[in-house]
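A.B. asks: Here's a sequence, model it:
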Amino acid sequence: MKLSLVVSSLILGMSFNTFAADAKKLTVSESVTINAPAAKVWEKVHNFNDLGAWHPAVAKTEITSGTNNKKGAVRQLTLQDGGKINEKLLAFSDKHMTFKYAIIDGVLPVSNYVSSVIVKADGADKSIVVWRGDFKRKDLNTNPAKDQDDETATKTITAVYRGGLDNLKKISE
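C.D. replies: Numbering: from 1, shown residues only. Alright, predicted model coming up:
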């Protein structure tokens, strides 16, 4: 009896891992050129505790654990529609004008999400902001639900990035 439970557990575990392996890694990278110096643009995006300062979909940002702009800080985003997303800061550099974070959980149709934002100078009076993320769809099953598939995940993240970057350009120029 014990042996059959162990074997069943192993088979179930292997099945789940097989599904997870079937879900391929997806990548979205969006950028925007802004007619403003990189330091000025970085000032708008660098505060991990205030994504709503430049992203119109975010109503509120709150650090729930750790210290703002320090590796390990956790923030909770409350979206305009009331949805919530919890994210953890993985790296932060004022010197290199970049940060990296992961989604812990939330309403977006993604899993295993890790993203970075970088601001680069493009001459003295222009900057380029790149927002890039790697992730898998939320539903890791071989046949995911329609709203939890690769296409939905990719379109959603692309829209998130475009919405933020387009607004950042608008408020920075």
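
A.B. asks: List the strands paired with whichever strand or helix holds Lys136, with their directions.
C.D. replies: Element membership for Lys136, per DSSP states H and E: strand 127-137. Its sheet considered, strand 127-137 pairs with strand 26-34 (antiparallel), strand 110-121 (antiparallel) by DSSP bridges.

A.B. asks: which element follows it toward the C-terminus?
C.D. replies: As assigned by DSSP H and E, the chain's next helix or strand after strand 127-137 is helix 150-172.

A.B. asks: quick one on the thing from earlier: just name the most buried of the strands paired with strand 127-137.
C.D. replies: Each of the strands paired with strand 127-137 was scored by mean neighbour count; the highest is strand 110-121, a mean of 19, by mean count of other CB atoms under 10 Å. Quick note: C-beta positions are derived from backbone N, CA and C, even for glycine.

A.B. asks: Distance from the chain centre to it, please.
C.D. replies: In terms of CA atoms, centre = their mean, to the nearest Å, the centre of strand 110-121 is found 6 Å from the chain centre.
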